[in-house]
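[1] Structure for the following, please:
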Amino acid sequence: MNTPPQIEEAIELAKSGNYMHAIEKFNEIIKEYPNHWRAYNGRGLCRSDMENFDGAFADFHKAIELSPDNVIVLMNLADHYLGRGRHKDALEKFNLILQLDPSADRFISRGNCFNSIK
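    From the prediction side, this is the model:
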């Protein structure tokens, strides 16, 4: 899949905290490239930072639908679950992530999730 040229601009807007403009840019990308996981993931991160948690969940789930084994999106969803107190859902995602990418930082993330459950 080709990367839309506007994706980097949208990501930079999000990184600078300009979430509304980033979301507008991600919306434009999604309209033109409706199957591009990075646009949904980016918009999900913006929505999460703006405390639009339902919108963020919808975007992360759509990104996973488009790219099911994508560790980046799975990590974002797991972190989102963890931040919302949904520890068991987060743990399920961390376990899946470890199957896909058994690197040390993934184990640390899962350990933090276990720690949150106690």
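[2] Angles on the backbone of residue 84, please.
    The phi and psi values for residue 84, taken as degrees, to the nearest 10, are phi -100, psi 10.
[3] Pretty sure residue 53 is one of the things it touches, is it not?
    Yes: using C-beta atoms under 8 Å, residue 84 is in contact with residue 53, at 6.3 Å. In this view, the C-beta of every residue, glycine as well, is placed from N, C-alpha and C.
[4] give me phi/psi at residue 51?
    Geometry field for residue 51 lists phi and psi as phi 60, psi 30, criterion degrees, to the nearest 10.
[5] what helix or strand is the residue most central in space within the chain on?
    Nearest to the mean C-alpha position of the chain, counting by C-alpha atoms, centre = their mean, stands residue 76 at 3.6 Å. Assigned by DSSP states H and E, residue 76 belongs to helix 71-83.
[6] For the helix or strand just after that helix, name the packing helices and strands.
    Counting by DSSP H and E, the next helix or strand C-terminal to helix 71-83 is helix 87-100. With contacts defined as 3 or more C-beta pairs under 8 Å, 6 or more residues apart in numbering; DSSP states H and E, helix 87-100 has these neighbours: helix 71-83, helix 104-117.
[7] These: lowest mean pLDDT?
    Mean pLDDT is lowest for helix 104-117 among the helices and strands packed on helix 87-100, at a mean of 65.
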